[in-house]
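Engineer: sequence below, structure please.
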Amino acid sequence: MALPQLVVLTRHPDFAEEVLLAHGAQSVTQVDAADDPVLEPAPGEAPLWPRTRTTGLFDEKADLAAVIVALRETLPDGAAAIITTAELEEQDWVRIWLRDWKPLKFGERLWVSPRAKLDEIRDPGAVVVALDPGLAFGTGTHPSTALCLQWLAGAALEGKAVLDYGCGSGLLAVAALRLGAARADAVDVDPQALVATRENALANGVGGRLDARLAADFAPAPHDVVLANILAGPLVELAPRLCAALAPGGTLVLAGLLEGQAAEVAAAYAPWCEMNAPEPLEGWVRLEGRKRP
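Structural biologist: Below you'll find the predicted structure:
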């Protein structure tokens, strides 16, 4: 069964989203209509592209003609807006995702795998994190996440306290706990990320050693390891906060930045930490540092 869609190209995409939702859209997505990316918005900001395509997905009984009339009447540029119809073929998205994602190995023993493919791991010494697609970003396939997982796989984490700041799915925190960390704090600005993190921790048997909370509710306290896999701009802004959460002699691991951004980010942490040379992977880098006593 195909589901009907309305695709709107307007100078007022926020208005379009409101109209679509008000007239029964089951979901609304917005994508760049002109290959004009928005790079590194400030924390708390969600800017749209200069030309944004807004798509509303409806059930099969929706009266799209009435929705089009409402868009024409409501949008400030309604007469000039480009509105088209389309159909989304129903598919088993989980099956498609599982077809393409295989268990991934990091270092000598750490694996990240969908639950349906755990039996493909033949490594008797494997430390496995089971992870399925969910509410938040983080499956290990992105180079910045892979860089963090590679670091965790080779770290001595037994008995350590770990902070995963910008936790997304909680993958890094859960992996640290599976690798022997005593406890982990997971912090994010998105409440859905905390839901995903808690669910993933419980599914991997480490829920009792993880605390997940919003960034606004997090009071920095010393951790042996601080991980932050976010963007370069926020990493620079968060330097005092993250260093306050790092114990003297503790290890700082930063990712989510491109090679050309490493020097600026390292400089932001230099007042507190001795920073190592960046570790690259596919144009992305990981920075590691140690907090001075």
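
Engineer: please go through this structure and pick out the longest strand.
Structural biologist: Using DSSP state E to define each element, the chain has its longest strand at strand 246-258.

Engineer: so for that strand, what gets flagged as buried?
Structural biologist: Going by neighbour count (16 or more other C-beta atoms under 10 Å), the buried part of strand 246-258 is 246, 247, 250, 251, 252, 253, 254, 255, 256, 257. No exception for glycine: its C-beta is placed from N, CA and C like everyone else's.

Engineer: next: stretch 282-293.
Structural biologist: When burial is assessed from 16+ other C-beta under 10 Å, stretch 282-293 yields the following buried residues: 284, 285, 286, 287, 288, 289, 290, 291.

Engineer: and which of these is nearest residue 185?
Structural biologist: For those, the closest approach to residue 185 (C-beta to C-beta) belongs to residue 291, at 16.6 Å.

Engineer: partner residues bridging the closest one?
Structural biologist: Residues in a beta bridge with residue 291, per DSSP bridges, are residue 273.

Engineer: mind listing what's buried in stretch 18-35?
Structural biologist: Residues of stretch 18-35 classed as buried: 19, 20, 23, 25, 28, 30, 33 (neighbour count, 16+ other C-beta under 10 Å).

Engineer: then that stretch to CSV, C-alphas only?
Structural biologist: What follows is stretch 18-35 as a C-alpha-only set of coordinates in CSV (Å, rounded to 0.1, in the frame of the first residue of the first chain):
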residue,chain,number,x,y,z
GLU,A,18,2.1,23.8,10.8
VAL,A,19,-0.6,23.7,8.1
LEU,A,20,0.3,20.1,7.2
LEU,A,21,0.2,18.9,10.8
ALA,A,22,-3.0,20.8,11.4
HIS,A,23,-4.7,19.0,8.5
GLY,A,24,-3.8,15.5,9.6
ALA,A,25,-0.2,14.8,8.4
GLN,A,26,1.1,11.8,10.2
SER,A,27,4.6,13.1,9.9
VAL,A,28,6.4,16.1,8.3
THR,A,29,10.0,16.1,7.1
GLN,A,30,12.1,19.0,5.8
VAL,A,31,15.2,18.6,3.6
ASP,A,32,17.5,20.8,1.6
ALA,A,33,16.0,21.6,-1.8
ALA,A,34,19.1,23.3,-3.2
ASP,A,35,22.2,21.4,-1.9
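
Engineer: now it: mean pLDDT?
Structural biologist: Rounded to a whole number, the mean pLDDT of stretch 18-35 is 84.

Engineer: just to revisit the earlier point, the helix or strand just after the longest strand of the chain - contacts with which helices or strands?
Structural biologist: Moving toward the C-terminus from strand 246-258, the first helix or strand encountered (DSSP states H and E) is helix 262-269. Of the remaining helices and strands, those touching helix 262-269 by 3 or more C-beta pairs under 8 Å, 6 or more residues apart in numbering; DSSP states H and E are helix 232-237, helix 239-244, strand 246-258, strand 284-291.

Engineer: centre of the chain versus helix 262-269, how much separation?
Structural biologist: For helix 262-269, the separation from the chain centroid amounts to 22 Å (computed by C-alpha atoms, centre = their mean, to the nearest Å).

Engineer: buried residues in that helix?
Structural biologist: Using 16+ other C-beta under 10 Å as the test for burial, helix 262-269 gives 262, 265, 266, 268, 269.
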